[in-house]
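Undergrad: Pasting the sequence and the predicted coordinates here, then a few questions.
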Amino acid sequence: MRLFFLIAGVSLAADPRQLLQTHCGSCHQGAKAPGGIDLSAFDAPWSDQRWVRIHDAVRDGVMPPNGRLQSGDRIALLRAIAEPLTAFESMSDRSVLRRLNRYEYESTLRDVLQAPWLQLKDGLPEDGLVARFNKSGNALDISHVQMARYMETAEQALRAVLKASRTPVASTRYYARDQRTFLTRMRYSSFNNHPERATIPVLGFDAQPEVLNEKVPLTNAADREREAFVTTASTYTGNNYHFDKFIAPAGGRYKLRFNAYSIWVHTIWGPVNHKTRPAWWRPDRERTSKGRTVEPVSLYALARGGEKRFLGSFDVSPEPGVQELEVTLLEGESIQPDAARLFRSRPGFRGNPESTKEGTPGVAYRWMEVEGPAKQPVQFDMTGDVAVTVRAFMTRVYRRPPTAAEVARYSAIARNDRLAGFTAVLCSPGFLYLEETPGRLKPEALAARLSYFLANTRPTGASFDKLLEDPSRFVNPFLDYWLDLRKLGDTTPDVTLYPDYYLDDLLTESSLFETQLFVQELIKRDLPVRNLIDSRFTFLNVHLARHYGIAGVEGVNMRRVDLPEGSVRGGLLTQASVLKLTANGTTTSPVLRGAWIMERIVGDPSPPPPSGVPAVEPDTRGSTTIRQQLDKHRSIASCAACHRKIDPPGFALENFDVFGAWRERYRSTDDGEAMKGIGKNGHDFTFKLGLPVDASGDGFRDISGFKKLLLQDERKIARNVVNQLVTYATGAPVRFSDRPAVEAILDRAKSSNYGFRTLMREVVQSPLFTHK
Amino acid sequence: MKITRRTLLRGAGVALGLPHLEAFAQAKETPRRMLAICNNLGVLPGGFFPTKAGRDYELPAYLKEIAAFRNDFTVFSGLSHPDVDGSHASEVCFLTAAPHPANGGFRNSISLDQVMAEQIGVKTRFPSLTFGVNVNRGQRSLTWTGGGVMIPCEDSPSAIYKRLFLQGSAEEIERQMSRLKLGESIMDSVAEHARGLKKDLGARDVERLDQYMTGVRELERRLVLAREWEKKPKPKTTAPEPKDPADSRLYMEKVRLMYDMARLAFETDSTRLITLFLDSSNSPAIDVEGVQITDGYHNLSHHGRNESKLAQLTAIDTWHFKLLNELFAKLKAVKEDGETLLDRSMVLYGSNFGDANKHTTDNLPVLLAGGGFKHGQHLAFDKQKNHPLPNLFLSMLHKMGIDAPKFASSTGTLL
């Protein structure tokens, strides 16, 4: 069979190397041959990706330059590459044996044990990537370190579930006035002698100077329900407190109820003897009144050592009220509230951006009620007959019925130590590895593939639509890698250039949710993929809306918002998360942004820069713009060949700063117009507004024009989405010979205008998915 | 007792390819150690950083205290951990370099000593030890495992001494042994399971499963080695059991005792990896010989250019280096195969604060002694655009014989 192919290949088409030498040999010769393709010594095997690059460059007319190739010669050359390459690829399966990645491991265990509160993936080593996803067996390695973590993780998960099942549900109210950390912050000490970093005792809307000065007890029975502690700042190092009397007794699902409200604290107006400067903006801890703002409050699960896991956010208004949240907690965690919109004073601070001479906003905490942990079932029997319980567990955990030998093997361990038996099952290849045989996948393997694609967990017999009922189970892990959303918190806006949103966790969190909810909506409603480039809606809360300059959105909850006519905020390219990820906190690089967008969203990756070209040092002092610095990209022909494609999207996005806010002028440290204001860190603005932004390119004036250009070829956008989906779903990137199957998917999705959900449905019906 | 494949083979005297401890010890490898110390209030920059770079820099005031070891240490300037801000919160990141420790959503990552412990920890009775002075019990530490667990600091020198030299009870030993045996049997069973699957797979898939089996076997080997340790008696020492200082004011005494325990641990090869967290910030007005300390350590550190505070801080910092001088001398006095214990122990001394007065986390004071590196210089990096401290950590990993491509946000090596 193989020999026939090879012979057939030779007789049907000419040797591509000869054709290449004929048409391309004049430039592509020698050690310094362009593109690393030296035809004088080119004997790359068919597995070498350069063959695909050569094929595509010739197909698209990029090479040879200046259209020197006749049509007939082009067809012959393309065929001379395509046929043997296809034949070569057909000799091996697309995907290779792989283990579960960290996300899948965590998800599966959560479902198997019915313990959605388990936090497991961060305790496992990071997964290797192929084509940007953590789904390929070639990069999902295992070492003894991994095995040790699997054993440890599995055992701890089982023990945590047992503990949770033995912990009775309790419902307790924790008053702010009883919390030691709130009280510590009320008192000045060597660690704190600033009123804005101190808590304020209030009764209703009124400050309690006698309590503050400790002339009377901190709390009394008659007033208990109306007592509260107020903060005028966001929780941060230097202003830390939490509900310390509550420590989660076991992992589990908990209901939290918060009684809190916003309040107004009057500022000390007029000169005050505080060192040598009047401190008009400082809160007067003896004068408060009814709140004037709606404030968002975020909750974090606080672990020993200071780790903080986001739990959720809600609004508090001037009227005291109770908010309820359902959260998951681990044993030993406490709850830390954060008045997220307020400022975070950093050493050397000179003001509070929220303060006016009328006063400053604050949040008053009355109490927190915790109910939980919710009843925890145990899906592994610790007392019944060993073989029976082991078989039951393995049936639950494996994606196929266990064999008698397998049951016997793990029963032997379980007889010695029951928990060790279950741990062993969770370390075994039957659990860790997806079993797929060559050719058409068996029903169990197909079910597993479908389930891990759409819901990141083991199969339960659910259909395509049932699995997508909660699209976040697919969207969130998919976007973590397709768009690198997992790296969103890696950089922070530079403190000098962006003091207004340096330290703004609420903005980072909101921008993450926007992108996740947006793509979830595309799937829920099967919206066309062109929405990825431009859409009429997005998901916002008040904070993000303000960041975008969009009026009419109130409250911290994210909700779908129709964008005003002419808004630039439709589509992924102009979402804060994407813009933040493609910048570095200090400067934006059109090249990096452009290359990222071309690769991730348009599906047109750029080759890497040639070696020996130094990186451009962005000029934050403001004397030149990045466009001026990148001028060589246009003026030198060999640079322009690639940068003609890379630069335009990047320049189109120059109107967006490091966190995606719209800008007409660059911020600089030296040159430009001084700006008045105070940052979230309490420091005066020292940046200047400098040179104007020029976002134009060939064929467009700004980002809206660029989006229109991209939308001229919707099929291309859809093709990229399909390529990403196939890589994610099958653990193997799209190969050359897979392209016809991809086009077939696109053909079938055309009538729905390439609806996102439709594309997914077509992918799972394609032989790319149903075969190994 | 159940006859397993394992017991059969052992009984028959067949070599399983699992090296016993003696064979392991005979292998010609140089034991290398690391003691990593973080003083979470740092030092006054003026007394620590030399002005000139290179070999013939003038020793600033603090480094004069360790002048005798000038060729045994390197002093660095212009180093910091990229994106590690957050004031006091940065202390848990000194050995991890995890970014933005004060932000919501912060998750720490594996510390340098634990990366090393995962590879070489099995060579000693204790893979690593975690010490602290005046640490808020169980709340802060420099050591974070790969599994995301913070290892609390041991703050009692006598408890450390007992752990190093006093035999555990028979029950404790038996308990540990059965735990380890269980681990071995788990690994054994999954390896057999994998072997059974191989016959149905194609060549590329078999390769993947082989990797799994190698990982399993490697872990099994380590568990066996750990179990051998349980059976061995603990080392003997002539050093007397220390008495724990009664009070957190006796900070310097505690530091000295911790250095002693670290040296004893290295001398007896009980462990090769120790972290020591000096929680200066959590310390009161400490006792310093010959100087009247009028204020809590943290309050002093916010000196605001006050003359009296600066003088007290200088006295405190000087004592830190006097104690380091003693430590280096004692390590150098111990001989091991023609080298000294100092040659074989990397001693890292630094802080998460570059300037505690301003709470800045750049331009960190970093000193590295011993370990077999070529020392004797001031390596100066750009004070405006700092060089990544993780690059030094990567060099240290390589010196440990660990072939890692990177550590956290490293961009290369340093030494």
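TA: Alright, I've got the coordinates. Here the structure is a predicted model, which means the values were calculated and not measured. Numbering: from 1, shown residues only, chains lettered A, B, ... in the order given.
Undergrad: helix or strand for residue B:367, which one?
TA: strand B:366-370 (DSSP states H and E).
Undergrad: And the helix or strand following that strand, what does it pack against?
TA: Remark: after strand B:366-370, the chain's next helix or strand is strand B:378-380, criterion DSSP H and E. Contact partners of strand B:378-380 among helices and strands, from 3 or more C-beta pairs under 8 Å, 6 or more residues apart in numbering or on different chains; DSSP states H and E: strand B:73-77. For every residue, glycine as well, the C-beta is placed using N, CA and C.
Undergrad: other SSEs contacting the strand it packs on?
TA: Identification of packing neighbours for strand B:73-77 by 3+ C-beta pairs under 8 Å, 6+ apart yields strand B:366-370, strand B:378-380.
Undergrad: Tell me which of those sits most buried.
TA: strand B:366-370 (a mean of 23; mean count of other C-beta atoms under 10 Å in any protein chain shown).
Undergrad: And that one, what does it pack against?
TA: Of the remaining helices and strands, those touching strand B:366-370 by 3+ C-beta pairs under 8 Å, 6+ apart are strand B:73-77, helix B:307-333, strand B:345-350, helix B:390-399.
Undergrad: Okay, angle between it and helix B:390-399 too, please.
TA: Strand B:366-370 and helix B:390-399 are oriented at 10 degrees to each other (axes from the mean of the first three to the mean of the last three C-alpha atoms, to 10 degrees).
Undergrad: what residues does strand B:366-370 touch?
TA: With C-beta atoms under 8 Å, 6 or more residues apart in numbering or on different chains as the test, strand B:366-370 has contacts from B:69, B:72-76, B:79, B:324, B:328, B:331, B:342-350, B:375, B:389, B:392, B:396, B:415.
Undergrad: quick one: contacts for residue 150?
TA: I went with chain A, as the question did not name one. Counting by C-beta under 8 Å, 6+ apart, residue A:150 has contacts A:124, A:426, A:427, A:432.
Undergrad: Correction: the question concerned chain B.
TA: By C-beta under 8 Å, 6+ apart, the residues touching residue B:150 are A:304, A:305, B:92, B:108, B:140, B:141, B:143, B:144.
Undergrad: wait, what's in contact with residue A:526?
TA: Counting by C-beta under 8 Å, 6+ apart, residue A:526 touches A:752, A:755, A:756, A:757, A:758.
Undergrad: re the thing from before, okay if I get the helices and strands packed on strand B:73-77 as CSV plus mean pLDDT?
TA: Listed next are the helices and strands packed on strand B:73-77 as CSV, based on pLDDT from 0 to 100:
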stretch, mean pLDDT
strand B:366-370, 98
strand B:378-380, 97
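Undergrad: Rebuild those as TSV, extending it with distance to residue A:445.
TA: Shown next, in TSV, are these (distance: least, C-beta to C-beta, whole Å):
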stretch	distance to residue A:445
strand B:366-370	53
strand B:378-380	56
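Undergrad: Among those strands, which comes closest to residue B:178?
TA: strand B:366-370 (39.0 Å; C-beta to C-beta).
Undergrad: Please name the strands paired to the closest one in the sheet, noting orientation.
TA: Applying DSSP bridges, strand B:366-370 is found paired with strand B:73-77 (antiparallel), strand B:345-350 (antiparallel).
Undergrad: want to throw these into TSV with mean pLDDT and mean neighbour count?
TA: Below are the strands paired with strand B:366-370 laid out as TSV (pLDDT from 0 to 100; neighbours: other C-beta atoms under 10 Å in any protein chain shown):
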stretch	mean pLDDT	mean neighbour count
strand B:73-77	98	23
strand B:345-350	98	24
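Undergrad: Can you report how many residues neighbour the residue in the stretch 251-400 of chain B that chain A sits nearest to?
TA: For the stretch 251-400 of chain B and chain A, the shortest gap (C-beta to the nearest C-beta) falls at residue B:299, measuring 3.8 Å. Per other C-beta atoms under 10 Å in any protein chain shown, the neighbour tally for residue B:299 reads 16.
Undergrad: Now it: which helix or strand?
TA: Short version: residue B:299 belongs to helix B:297-301, going by DSSP H and E.
Undergrad: Check the average confidence over that helix, would you?
TA: Per-region confidence: helix B:297-301 scores 90 on mean pLDDT.
Undergrad: Stretch B:278-289 too?
TA: Averaged over stretch B:278-289, pLDDT sits at 93.
Undergrad: what about it and chain A, any contact?
TA: No - using C-beta under 8 Å from any C-beta of the partner chain, we find that stretch B:278-289 stays clear of chain A, coming within 8.7 Å at best.
Undergrad: returning to that earlier point: distance of the residue of the stretch 251-400 of chain B closest to chain A from residue B:280?
TA: 11 Å (C-beta to C-beta, to the nearest Å).
Undergrad: returning to what we had before: out of the contacts of residue A:150, grab the one that's most surrounded.
TA: Going by other C-beta under 10 Å, residue A:426 tops the contacts of residue A:150 with 27 neighbours.
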